[in-house]
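Novice: Predicted model, plus sequence, below.
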Amino acid sequence: MNPIDPVVTTTAATATADPGFSFHFLYQLLPAASFALLGMLLFGLAWVIVVKVSPFSIRKEIEEDQNTALGIILGALLIGIAIIIAAAVSG
């Protein structure tokens, strides 16, 4: 065997077997799920605040009066809130 270019050989004696199912992912899944739930709750709270603060019925303006501009503004507002919540939750 050349010390500059060693040949790596794997035999049955040196190979390590996969230990199988590991619960390590559960330790990462629980915080991820809790942060996702927290983000959705904050997003829903932001929507409720927008609906309560607006001086008109958002549903009426968008559905009945076909106010496209209001829909675009609310969509942009919610995307911005979602970006802020995602940045805050991810750290």
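Specialist: Structure received.
Novice: okay, CA-based contacts and neighbour counts for the rest of this
Specialist: Will do.
Novice: Give me the longest helix you can find in the protein.
Specialist: Ranked by residue count, the top helix of the chain under DSSP state H comes out as helix 24-53.
Novice: Other residues contacting the following helix or strand past that one?
Specialist: Scanning forward in sequence from helix 24-53 by DSSP states H and E, the next helix or strand is helix 58-59. Outside helix 58-59, the residues within contact range by CA atoms under 8 Å, 6 or more residues apart in numbering are Val51.
Novice: so how far is helix 58-59 off the chain centroid?
Specialist: In terms of CA atoms, centre = their mean, to the nearest Å, the centre of helix 58-59 is found 27 Å from the chain centre.
Novice: same thing with stretch 80-91?
Specialist: Taking mean C-alpha positions (CA atoms, centre = their mean), stretch 80-91 and its chain are 9 Å apart.
Novice: what's in contact with it?
Specialist: 35, 39, 42-43, 46.
Novice: still on that earlier bit, can you tell me which helices and strands the longest helix of the chain packs against?
Specialist: helix 68-90 (3 or more CA pairs under 8 Å, 6 or more residues apart in numbering; DSSP states H and E).
Novice: on that earlier part again, let's have the contacts of stretch 80-91 in a markdown table, adding pLDDT and neighbour count.
Specialist: Output for those, formatted as a markdown table (pLDDT from 0 to 100; neighbours: other CA atoms under 10 Å):
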| residue | pLDDT | neighbour count |
| --- | --- | --- |
| Phe35 | 85 | 17 |
| Gly39 | 85 | 20 |
| Leu42 | 88 | 15 |
| Phe43 | 88 | 19 |
| Ala46 | 88 | 16 |
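Novice: most centrally placed residue in the protein?
Specialist: Centroid check for the chain by CA atoms, centre = their mean gives Ala36 as the closest residue, at 5.9 Å.
Novice: Low-confidence regions, the protein specifically.
Specialist: Under the criterion pLDDT under 70, the flagged ranges of the chain are 1-22, 91.
Novice: let's see it at 80
Specialist: Filtered on pLDDT under 80, the chain yields the residue ranges 1-26, 89-91.
Novice: before we move on, the earlier item: list the buried ones in the longest helix of the chain?
Specialist: Within helix 24-53, the residues that qualify as buried by neighbour count (16 or more other CA atoms under 10 Å) are 35-36, 39, 43, 46-47.
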